[in-house]
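**Q** build me a model from this:
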Amino acid sequence: MGAKNNVTEFVLFGLFESREMQHGCFVVFFLFHVLTVLGNLLVIITINASKTLKSPMYFFLSQLSFADICYASTTIPKMIADTFVEHKIISFNGCMTQLFSAHFFGGTEIFLLTAMAYDRYVAICRPLHYTAIMDCRKCGLLVGASWLAGFLHSILQTLLTVHLPFCGPNEIDNFFCDVHPLLKLACADTYMVGLIVVANSGMISLASFFILIISYVIILLNLRSQSSEGRRKAVSTCGSHVITVLLVLMPPMFMYIRPSATLAADKLIILFNIVMPPLLNPLIYTLRNNEVKNAIRKLFRVKRSLGEK
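**A** Modelled structure (predicted):
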């Protein structure tokens, strides 16, 4: 904390001023969060318990589900709890912890999606060498690199913010602590910090988006040599990935590719980014994947038989 910093806590405005709207938010987002945690836990348990879901794709998917649970849990429980109080207070340290956690798990999610795209590229474009290329060591390195990259991205965002002087006011027009609203409150010139934030968050999202889109274009071009059944399965799998990529990357590109600003739509866009991808990812990857659906059915049959015994 800087020497000129006399702010020990921040006041969050939340999503809506109306108490009735806040109570409505409690019901909706409590339900969403429970479904998010249960859905992603089901994916993790199914992949780890199934003997058929041992390919690298499902290893990456279980990591993505874990990151989704953590990402949603950094902000949504606090937002749900704040619907019951008029003054939504968060300490300075709590604010910085929330900022770090949100960018850590959100950034890791983006890098995991990039690793999953590489896995699909190797599986479809170099099928004969797939098991040799995507061995356990390579998968572990890709996952470890994703978590490390998410940490480095987040620690830079946090260090840039935590050393800024905050003299007051301390009111954040948002439901959680993010970089742009905090830059607005700093009693210092934040132009260079804002540029670094754009370069860090915005360019990571933009670069990842183009890398992912180019990889899927290459995959689609290579599908011409596949059998009709192979094409159908590959398109189904890649379709799930593309939907997830769009859900995860479009909001951050809008939020962070521009200089620091507060737009009326920002809160709804970042809320969509925090709530919807973790909620929908289990549905996207299970409803379009027969192997996962069959593994879930087997899991419940085993549970039922054990319960009867």
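
**Q** low-scoring stretches of the protein, by residue?
**A** In the predicted model, the chain carries pLDDT under 70 at residues 1-5, 17, 225-227, 229-231, 233-234, 236-237, 257-265, 302-309.

**Q** for this protein, what spans make up the strands?
**A** For the chain, the strands defined by DSSP state E cover 9-12, 88-91, 171-172.

**Q** who wins for proximity to M21 among these?
**A** Minimum separation from M21 across the strands of the chain (Cβ to Cβ) falls at strand 88-91, 13.9 Å. (Each C-beta comes from the backbone N, C-alpha and C, glycine too.)

**Q** direction included, what does the closest one pair up with?
**A** Partners of strand 88-91 in the sheet, by DSSP bridges, are strand 9-12 (antiparallel).

**Q** the chain: helices as residue ranges?
**A** With helices called from DSSP state H, the chain shows them at 19-49, 56-73, 76-82, 92-125, 130-133, 136-162, 179-185, 191-197, 203-222, 228-256, 266-287, 290-308.

**Q** any chance of the strands of the chain in TSV, plus mean neighbour count?
**A** Output for those, formatted as TSV (neighbours: other Cβ atoms under 10 Å):
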stretch	mean neighbour count
strand 9-12	17
strand 88-91	16
strand 171-172	17
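
**Q** now render those strands as CSV, adding distance to H241.
**A** What follows is the strands of the chain, written out as CSV (distance: least, Cβ to Cβ, whole Å):
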stretch, distance to H241
strand 9-12, 34
strand 88-91, 35
strand 171-172, 34
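
**Q** skip the chain neighbours and tell me the closest residue to the residue nearest the centre of the chain.
**A** Note on the chain: the residue nearest the mean C-alpha position is G106, at 3.8 Å, using Cα atoms, centre = their mean. Leaving aside its sequence neighbours, G106 sits nearest to Y71 (Cβ to Cβ, 6 or more residues apart in numbering; 5.5 Å).

**Q** so the one you found makes contact with P278?
**A** Yes - the criterion here is Cβ atoms under 8 Å, and Y71 meets it with P278 at 5.9 Å.

**Q** how about the helices of the chain, which one is nearest T8?
**A** In terms of Cβ to Cβ, the element of the helices of the chain nearest to T8 is helix 92-125, at 5.4 Å.

**Q** next one: V7 from I213, what distance?
**A** Taking Cβ to Cβ, to the nearest Å as the measure, V7 falls 42 Å from I213.

**Q** more neighbours, the two?
**A** Neighbours per residue (other Cβ atoms under 10 Å) separate V7 from I213, with V7 holding more: 18 against 15.

**Q** ramachandran coordinates for that one?
**A** Main-chain torsions, V7, degrees, to the nearest 10: phi -100, psi 120.

**Q** isn't it right next to V162, touching?
**A** No - the criterion here is Cβ under 8 Å, and V7 misses it with V162 at 11.8 Å.

**Q** returning to that earlier point: who has more neighbours out of Y71 and P278?
**A** P278 (30 against 26).

**Q** so what's that one up against?
**A** Contacts for P278 (Cβ atoms under 8 Å, 6 or more residues apart in numbering) come out as 36, 40, 68-69, 71-72.

**Q** same thing with T161?
**A** Residues in contact with T161 (Cβ under 8 Å, 6+ apart) are 96, 99, 179, 182-183, 193.

**Q** leaving out chain neighbours, which residue sits closest to V248?
**A** Of all residues beyond its chain neighbours, the one nearest V248 is P277 (4.9 Å), with distances taken as Cβ to Cβ, 6+ apart.
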